[in-house]
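Engineer: Attaching a predicted model along with its sequence, questions to come.
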Amino acid sequence: MFAQCADPSALNGLNWMLCYLTSGTHLLFYGSFGTVLLLLVLTAPLALLLGFLGALAARSQIAPLRWLGRGYAAIVRGVPDIVFFLFVPIALDQGIEWLRSRFLCDPSVPVRQGNEFVVCAPAKMPLSVSPEWVHDLYGVGLAVAAFAFVFGAFAANVLYGAMGAVPRAQLETAEAYGMTPRQIDRRILIPQMWTYALPGLSNLWMILVKATPLLFLLGVEDIVYWARELGGSKTTTYAYPHGDWRVWYFLALLVFYLLMTWVSQRLIDRVAARLSRGQATLAGEALRKTGTPA
């Protein structure tokens, strides 16, 4: 990155370390922290949306929708997460390529050839001629879909329980005033359920943050991948050979995740205090006794 770093063999001491930490591979390592944050930013709202739809489906008066909502949560909760983290990207990738092959390839040629899944070159996703960033973005997109699918099921269970925790008397009062079921849901049930759902959703958020190292298993070059690559012992073929420094790289990841969870908890506490104002919950009663303004 710097002119003096052109010849690593001529460096020593602090200059060597400065050039080492600003090398191209380290810039990729620093950028991988952005990949993790991007995954969280995209996954959290998508999982919450899936969870909300799943909870509504589980409470539906229409039997097939109710079975779908409850089945979604039950199946995902009953199968190890790693299975879905590996299955969903593969299923999505092959599903997309199969659909493209029906239009871009000879439909008479089967995509299943023995144990192999084979499509013509134009149906591949992404195309082999696509730039590297397209391949990276496609991989992250599949990972987001897998994470959202898994955590959406857990969010559905949390939101379903929160909807059931809203005092029944309030719903009956709204019904007595002539509100329709849709109005009751929109004005009474949904606004109040978030107070009861927040503890469970906050736990899910923490678990999601700690689950991001699974990106490494999905083939995404995340912080775990680069920590292992950069921290491992180098040979003379590398510009900056060194011993086994993995402990220091993974220590940096430990600090990063501790900082993430600490900041998250501070934000969650503030949101919980805001949602508890004026609510008939233990947290709301505590705020009332301390004289905290609404």
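Structural biologist: Sure, I can see it.
Engineer: switch to C-alpha atoms for all contacts and neighbour counts from now on
Structural biologist: Fine.
Engineer: Can you spell out which helices and strands pack onto the host helix or strand of residue 45?
Structural biologist: In this structure, residue 45 sits in helix 24-58 according to DSSP states H and E. Under the contact criterion of 3 or more CA pairs under 8 Å, 6 or more residues apart in numbering; DSSP states H and E, helix 24-58 touches helix 63-78, helix 132-165, helix 190-211, helix 223-231.
Engineer: go with 7 Å
Structural biologist: In terms of contacts (3 or more CA pairs under 7 Å, 6 or more residues apart in numbering; DSSP states H and E), helix 24-58 is packed against helix 63-78, helix 132-165, helix 223-231.
Engineer: taking those helices together, which one is wrapped up most tightly?
Structural biologist: Compared across the helices and strands packed on helix 24-58, helix 132-165 shows the largest average neighbour count, a mean of 21 (mean count of other CA atoms under 10 Å).
Engineer: angle of that helix against helix 190-211?
Structural biologist: Angle, helix 132-165 to helix 190-211, by axes from the mean of the first three to the mean of the last three CA atoms, to 10 degrees: 140 degrees.
Engineer: Run the angle between helix 132-165 and helix 24-58 for me.
Structural biologist: Computed by the same axes, to 10 degrees, the angle between helix 132-165 and helix 24-58 is 30 degrees.
Engineer: relative orientation of helix 132-165 and helix 63-78 in degrees?
Structural biologist: 110 degrees.
Engineer: Helix 132-165: what's the following helix or strand?
Structural biologist: By DSSP H and E, the next helix or strand past helix 132-165 is helix 168-176.
Engineer: Let's test this: mean pLDDT of that following helix, rounded?
Structural biologist: For helix 168-176, mean pLDDT is 86.
Engineer: ok, and what's touching that helix?
Structural biologist: 184, 188 (CA atoms under 7 Å, 6 or more residues apart in numbering).
Engineer: Please point out which parts of the next helix or strand after that helix sit buried.
Structural biologist: Of the helices and strands lying after helix 168-176 in sequence (DSSP H and E), the nearest is helix 181-184. Neighbour counts over helix 181-184 (16 or more other CA atoms under 10 Å) mark residue 184 as buried.
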